[in-house]
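Asker: Provide a 3D model corresponding to the input given below.
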Amino acid sequence: MLVIRPITTADFAALKQIAIESGHGFTSLPVHDARLSEKIKHAEQSFNAVVESPGDQGYLFVLEDTTTGEIVGTTGIEAAVGLQTPLYHFQQNTIVHHSAELNVINQLKTLTLCNDYTGASEICTLFLRESYRRNHAGRFLSKVRFLFMAEHPQRFANNVIAEMRGAADKDGQPPFWHWLQRLFLTIDFPTADQLIGVGKKAFIAELMPRHPIYVGLLPESAQQVIGQVHENTKPALRMLEKEGFCHRGYIDLFDAGPTVEASLQQIKSVAASKKVPVKVVEVQGDVTLAVANTAIQGFRASFGKTARFDEQTNTLLISPALAAVLALKEGDMARFINLDQS
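Answerer: Sure thing, here's the model as predicted:
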């Protein structure tokens, strides 16, 4: 059985291995011991904190195979981004150049450096080992964050964002990056990626263009990938779009991947989740449910068909094995969603 739980210090080695496997472009998990240890410590403090409104909290979860004890994935939520270190994006705009004398109107696309998402909550750090990418595990890893957010909305902002990985060439490099490197940064992509991952972002404000950039002046290869996602990220983007996330023109500085957003209470899995008492009984359901307890430090969630919602009694029937994994007993409250529904 696969179970989601908050990360602990004991998971450091597993998290480092995930960071290695995730590769370049996964800036939220740098291969950097001190930074990874810091993220784990910060997560532990966040889960233990009494919170009335979102602030500098980061919730990092791990997916554990209870059969082997192996950590096979991770997923996270930042409560309010940009409060400690700035979160930068390019905003896409259109400006109009008009000459009445020549009867010419030109609509020109621009990119402008901004911090417009400061204070938003961010779903992030999603990674699942390839051998486990089946039987709803990836969908569960993404949607379980919405169960936690639905249960503890005071910990999160109304605006929720997700940064999607941008397109890459055959060498794994973002085509959008090359013109930035040549004109402004003069460092390679892995170096910039590493600096961002360890929280060293001052070079962005120091070296990035401060004035709007005319998109038409960029190389064709850079123009073509603006707002496009990496091939491996397309399923994740489709899933978020079905949840109600949309792209409003903000892109990543380095790979031009889109940032998508949604209002917390309008996210479909948040709105559709139900909180009901549980009844522990041997059960075999017809649909796959993701089920979570209502704890914070002791948060646990899993999925499968050993749970079934009984509409007549408004209770969630769960098997003894699932109840044990989720630390639930008869009469406790649980929150669930249907994973089979797209």
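Asker: Poorly predicted segments of the stretch 1-150 of the chain, please.
Answerer: For the stretch 1-150 of the chain, applying pLDDT under 70 flags the ranges 23-27.
Asker: the helices in it, which residues?
Answerer: According to DSSP state H, counting those that start in this stretch, the stretch 1-150 of the chain carries its helices in the segments 12-22, 33-48, 137-151.
Asker: Is it possible to get a markdown table of those helices that adds mean neighbour count and distance to residue 69?
Answerer: Yep, even glycine has a C-beta here, placed from its N, CA and C like the rest. Putting these into a markdown table (neighbours: other CB atoms under 10 Å; distance: least, CB to CB, whole Å) gives the following:
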| stretch | mean neighbour count | distance to residue 69 |
| --- | --- | --- |
| helix 12-22 | 16 | 10 |
| helix 33-48 | 16 | 18 |
| helix 137-151 | 23 | 17 |
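Asker: Let me know which of those helices is the nearest to residue 196.
Answerer: helix 33-48 (10.7 Å; CB to CB).
Asker: Now do that closest one against helix 12-22, angle only.
Answerer: The directions of helix 33-48 and helix 12-22 differ by 120 degrees, with axes from the mean of the first three to the mean of the last three CA atoms, to 10 degrees as the criterion.
Asker: Which parts of this structure belong to which domain?
Answerer: For the chain, automatic domain parsing gives the domain ranges 2-89+115-269, 274-338.
Asker: my read: residue 209 touches residue 217, true?
Answerer: No - contact criterion CB atoms under 8 Å: residue 209 and residue 217 do not qualify, at 11.2 Å.
Asker: in the stretch 51-200 of the chain, which spans are strands?
Answerer: 58-65, 70-78, 89-99, 104-114, 121-128, 159-163 (DSSP state E, counting those that start in this stretch).
Asker: can I get the CA coordinates of stretch 185-194 in PDB?
Answerer: C-alpha atoms of stretch 185-194 as PDB (Å, rounded to 0.1, in the frame of the first residue of the first chain):
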ATOM      1  CA  LEU A 185      23.800  36.100 -17.500                       C
ATOM      2  CA  THR A 186      26.900  34.500 -19.100                       C
ATOM      3  CA  ILE A 187      26.500  31.400 -16.900                       C
ATOM      4  CA  ASP A 188      25.200  28.000 -18.100                       C
ATOM      5  CA  PHE A 189      21.800  26.700 -17.300                       C
ATOM      6  CA  PRO A 190      22.800  24.000 -14.700                       C
ATOM      7  CA  THR A 191      24.600  26.700 -12.700                       C
ATOM      8  CA  ALA A 192      21.600  29.100 -12.800                       C
ATOM      9  CA  ASP A 193      19.400  26.200 -11.900                       C
ATOM     10  CA  GLN A 194      21.600  25.300  -9.000                       C
END
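Asker: give the contact list for the spatially most distant residue from the centre of the chain.
Answerer: For the chain, the largest distance from the centre (CA atoms, centre = their mean) belongs to residue 101, which lies 50.2 Å off. Neighbouring residues of residue 101 by CB atoms under 8 Å, 6 or more residues apart in numbering: there are none.
Asker: Over to residue 44?
Answerer: Shown in contact with residue 44 (CB under 8 Å, 6+ apart): 6, 7, 8, 9.
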